[in-house]
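*Asks:* Predicted model follows, preceded by the sequence.
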Amino acid sequence: DSGVTQTPKHLITATGQRVTLRCSPRSGDLSVYWYQQSLDQGLQFLIQYYNGEERAKGNILERFSAQQFPDLHSELNLSSLELGDSALYFCASSPRTGGAYEQYFGPGTRLTVT
Amino acid sequence: QQPVQSPQAVILREGEDAVINCSSSKALYSVHWYRQKHGEAPVFLMILLKGGEQKGHEKISASFNEKKQQSSLYLTASQLSYSGTYFCGTEIPPDSWGKLQFGAGTQVVVTP
């Protein structure tokens, strides 16, 4: 158990819908990262927040947005869902920002868009 | 830019050794190694930093060759628990400062 929690574990929804994925980082960690993992794409970095502020952005679609709240939990919002958005979405946390810090991954949310 | 991992897959018998490589076309600041078992989250193994510092907590070693912009992960005397997919993640400043680009992964199967 990494100490990072994610809810829900599974999500099944229809195309065009909007969903929110939630992540609580390990106690004391200030950085939260979101990743998408689909079968043909590997682990793709989406976005990073550090202490409430957006710090780095990856290949995140405009239909996706995220935020980190004062209590440091983070939410990833996915809207106008398409079949191709079906994937495992991982949240990871680290004590600070930067490549010198290990990232601890949550169990993931499996999103299925039908 | 995504690092290149090799080999794509390796099958070992318990007790055998293997090396997984992670190469970049650009200078690296740090290399992270993670292992993921099927249906589970990636688990942190090691960080190697430019300058030689290493951080890790498993009996798996790694090296970082700054000149070659390459890191290698050494699975020595492999155990059944080593099975899984190994990913390297690289941080290449300044474009990807603070974010990791992951390789496609190397699948490792250890058989009895």
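*Replies:* Looks like it arrived, so ask away. All values derive from a computational prediction rather than experimental measurement.

*Asks:* what's near enough to touch residue A:15?
*Replies:* A:81-83, A:113-114 (C-beta atoms under 8 Å, 6 or more residues apart in numbering or on different chains). Backbone N, C-alpha and C define where each C-beta goes, glycine included.

*Asks:* Show me which residues of chain B sit near chain A.
*Replies:* B:2, B:29-30, B:32, B:34, B:40-44, B:47, B:49, B:55, B:87, B:89, B:91, B:96-105 (C-beta under 8 Å from any C-beta of the partner chain).

*Asks:* what are the ranges of the strands in chain B?
*Replies:* With strands called from DSSP state E, chain B shows them at B:4-6, B:9-13, B:18-23, B:30-36, B:43-49, B:54-56, B:61-65, B:70-75, B:84-91, B:101-102, B:106-111.

*Asks:* list the helices and strands the longest one packs on?
*Replies:* Contact here means 3 or more C-beta pairs under 8 Å, 6 or more residues apart in numbering or on different chains; DSSP states H and E; on that basis strand B:84-91 packs against strand A:42-50, strand B:4-6, strand B:18-23, strand B:30-36, strand B:70-75, strand B:101-102, strand B:106-111.

*Asks:* Need those in TSV (columns: distance to residue A:20, mean pLDDT and mean neighbour count).
*Replies:* Shown next, in TSV, are the helices and strands packed on strand B:84-91 (distance: least, C-beta to C-beta, whole Å; pLDDT from 0 to 100; neighbours: other C-beta atoms under 10 Å in any protein chain shown):
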stretch	distance to residue A:20	mean pLDDT	mean neighbour count
strand A:42-50	14	91	22
strand B:4-6	33	96	16
strand B:18-23	34	95	20
strand B:30-36	25	92	24
strand B:70-75	36	92	20
strand B:101-102	25	90	22
strand B:106-111	33	96	17
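
*Asks:* Out of those, flag the one nearest residue A:72.
*Replies:* strand A:42-50 (8.7 Å; C-beta to C-beta).

*Asks:* Of the helices and strands packed on strand B:84-91, give the one that comes closest to residue A:62.
*Replies:* strand A:42-50 (12.2 Å).

*Asks:* which other helices and strands contact that closest one?
*Replies:* strand A:31-38, strand A:53-57, strand A:64-68, strand A:74-78, strand B:84-91, strand B:101-102.

*Asks:* and the second one, how far out from the chain's middle?
*Replies:* The reference is to strand A:53-57. Centroid separation between strand A:53-57 and its chain, computed with C-alpha atoms, centre = their mean, to the nearest Å, is 13 Å.

*Asks:* Pull out the buried positions in that strand.
*Replies:* For strand A:53-57, a neighbour-count test (16 or more other C-beta atoms under 10 Å in any protein chain shown) marks A:55-56 as buried.

*Asks:* then it to PDB, C-alphas only?
*Replies:* The C-alpha coordinates for strand A:53-57 follow below in PDB (Å, rounded to 0.1, in the frame of the first residue of the first chain):
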ATOM      1  CA  GLU A  53      -0.500  25.200  -8.200                       C
ATOM      2  CA  GLU A  54      -0.100  23.700 -11.600                       C
ATOM      3  CA  ARG A  55       3.500  22.900 -12.100                       C
ATOM      4  CA  ALA A  56       3.900  20.900 -15.300                       C
ATOM      5  CA  LYS A  57       1.700  19.800 -18.200                       C
END
